[in-house]
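**Student:** When you get a sec, could you give me coordinates for this:
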Amino acid sequence: MKFKEKYLAGEIPFEEIDTYIEAWGSSDEPCTLREYLGLNEEEEDVWITDSEEALEEMLHRQKKR
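**Tutor:** Numbering: from 1, shown residues only. As a prediction, this is how the structure comes out:
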């Protein structure tokens with residue numbers, strides 16, 4: 001399961017994104033960080049352009065209640 005899937009399912013806190021980023025940096029995965037985290041292009045843009053907090057807010061709105 002990717003970071004986004006686990007976060008939206010309530011299995012992990014948003015702060016776990018750092019662990020996933022580190023794991024991607026150490027892996028041989030041929031995918032981009034966005035793909036590794038399970039983010040779409042809009043989410044990646046918000047993260048890069050605005051902030052990590054803006055991404056968290058965006059994902060939080062998608063979270064299963």
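**Student:** do you know how far Leu33 is from Ser27?
**Tutor:** According to Cβ to Cβ, to the nearest Å, Leu33 and Ser27 sit 11 Å apart. C-beta coordinates here come from the backbone N, C-alpha and C atoms, glycine included.
**Student:** Which of these two has more residues huddled nearby?
**Tutor:** Higher neighbour count among Leu33 and Ser27: Leu33, with 14 against 10, using other Cβ atoms under 10 Å.
**Student:** Per-residue pLDDT of that one, please?
**Tutor:** Here the pLDDT value assigned to Leu33 is 97.
**Student:** surely it meets Ile17?
**Tutor:** No - at 10.2 Å, Leu33 does not count as touching Ile17 under the criterion of Cβ atoms under 8 Å.
**Student:** Could you tell me how many residues sit around Ser26?
**Tutor:** Neighbours of Ser26 (other Cβ under 10 Å): 8.
**Student:** Check Tyr20 too.
**Tutor:** By the measure other Cβ under 10 Å, the count of residues near Tyr20 is 19.
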